[in-house]
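A.B. asks: structure, please.
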Amino acid sequence: MINRRDMLKAAVVGAAATVAVPAVASAAPRRLQPGERYVTVPGGRVWVNVVGSGPKPPLLVLHGGPGAGHDYLEPLGELGVDRPVVFYDQLGCGKSDKPDNPALWTATRFAAEVDAVRCALHLDHMHLYGHSWGTWLSIEYLLTRAPRGIGAVVLASASASAQQFVDGTRYLRTLLPEDVQKTLDYYEAKGDFTAPEYLDAVNVFYANFFCRLDPYPDPLLRSAANIDGNQVYAVMNGPNEFSVTGNLRDWDRSAEVGRIRNPVLLTRGRYDEFAEPCTDTLEKLLPHTERVEFAASAHMAMLEETPAYNRTLSTFLARWDRLVG
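C.D. replies: I've put the predicted structure just below:
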């Protein structure tokens, strides 16, 4: 039998209130109009785009990063045949306002931002999707804002704490070629995260555990450009995906996440930078979960295996539409 560690080695390419399930809505939800608009949130304005006008309850999409913008999640727009898919660029990135104010970049403010978007669009009854940092934001929102009207939740490439995510990336690094590991260790010990040799080594990690497509598709390139030099990413995350030195470094909802009673779909790629124990922990702690792993994907299954990914989401959401009317 091949264990998961050996399988990963072989695949390395060289170089405060309880959250309850909401009751069925008694009134029909307001129909969302497709198209772009701006919404005022704490700290500025965010760009919003509603894709599709299907009759089923809408899906609100929270992107990763922080600071990546909605771009790489555009394949989820295919779900618009059945339901409105609501994308927005969180404050500080993409097409949204980019205030030069590091004090704005906290999980608490971003959770308040979700409420502001919902209020502006009258998203009284909806499903919630988060990817990567967007899963942490989803968890933060569900636990701290006690929102009503949310049916099913998708946590795509998620963990219950920042530390478990970092621990997972440290393990995944041990599967890289030895010279790559030494380069990463050498420059990190010096505090030099911009040396060309270091960035080359980071890209080897990304090629294995971030996105295995070569070349990267255009939506992912646009999100990468959003993050490049982005103040939100620097303040909250740090220099890269496995050096979390920003204000998210101590983020941990392991003790509270079990209070989320909504049905939750956990998705990950087999080679995801959110290592398998991250999903294991959430599956154990959350009371109502399903779990799907995409065998050919790393962190970007919505791009790496788009048809299978969207079928999985569509099936899961349809099963829980009754929760939101």
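A.B. asks: pull up the distance across stretch 58-72, start to finish.
C.D. replies: Chord length of stretch 58-72, first to last residue, is 19 Å (Cα to Cα, to the nearest Å).
A.B. asks: avg pLDDT for the helix or strand hosting R268?
C.D. replies: R268 belongs to strand 264-269 when assigned by DSSP states H and E. For strand 264-269, mean pLDDT rounds to 98.
A.B. asks: which other helices and strands contact the next helix-or-strand element following it?
C.D. replies: Going down the chain from strand 264-269, the next helix or strand is helix 276-285, by DSSP H and E. Packing contacts for helix 276-285, counted by 3 or more Cβ pairs under 8 Å, 6 or more residues apart in numbering; DSSP states H and E, involve helix 162-173, strand 264-269, strand 289-294. Quick note: C-beta positions are derived from backbone N, CA and C, even for glycine.
A.B. asks: in helix 276-285, what counts as buried?
C.D. replies: 278-279, 281-282, 285 (16 or more other Cβ atoms under 10 Å).
A.B. asks: now stretch 201-210, how far from the centre of its chain.
C.D. replies: Stretch 201-210 sits 18 Å away from the centroid of its parent chain (Cα atoms, centre = their mean, to the nearest Å).
A.B. asks: quick one: contacts of that stretch?
C.D. replies: Stretch 201-210 is contacted from outside by 11-15, 169, 172-173, 175-177, 180, 183-184, 187, 214, 240-242, 271-273, 298-300, using Cβ atoms under 8 Å, 6 or more residues apart in numbering.
A.B. asks: just these: which are in helices?
C.D. replies: Of these, the ones assigned to helices by DSSP state H are 11, 169, 172-173, 180, 183-184, 187.
A.B. asks: for the residue most central in space within the chain, phi and psi?
C.D. replies: Nearest to the mean C-alpha position of the chain, by Cα atoms, centre = their mean, lies H131 at 1.7 Å. Phi and psi for H131, reported as degrees, to the nearest 10, are phi -130, psi 130.
A.B. asks: who does the closest residue to it other than its chain neighbours bridge with?
C.D. replies: In space, and not counting its chain neighbours, H131 is closest to A156: 4.3 Å by Cβ to Cβ, 6 or more residues apart in numbering. Taking DSSP bridges as the rule, A156 bridges to H131, T267.
A.B. asks: can you tell me how far A156 sits from P66?
C.D. replies: Between A156 and P66 the computed distance is 15 Å (Cβ to Cβ, to the nearest Å).
A.B. asks: check S254 too.
C.D. replies: 20 Å.
A.B. asks: for S223, the count of nearby residues, please.
C.D. replies: 25 (other Cβ atoms under 10 Å).
A.B. asks: on that earlier part again, between S254 and P66, which one's more packed in?
C.D. replies: A direct count of neighbours by other Cβ under 10 Å for S254 and P66 places P66 higher, at 28 against 14.
A.B. asks: isn't that one right up against A234?
C.D. replies: No - with contact defined as Cβ atoms under 8 Å, P66 does not count as touching A234 (9.6 Å).
A.B. asks: tell me which element G94 is part of?
C.D. replies: Judged by DSSP H and E, G94 forms part of no helix or strand.
A.B. asks: what ranges does the stretch 101-250 of the chain have for its strands?
C.D. replies: Taking DSSP state E, counting those that start in this stretch as the criterion, the stretch 101-250 of the chain carries its strands at 126-131, 150-156.
A.B. asks: can you list those in JSON lines and add distance to D192?
C.D. replies: Shown next, in JSON lines, are the strands of the stretch 101-250 of the chain (distance: least, Cβ to Cβ, whole Å):
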{"stretch": "strand 126-131", "distance to D192": "30"}
{"stretch": "strand 150-156", "distance to D192": "32"}
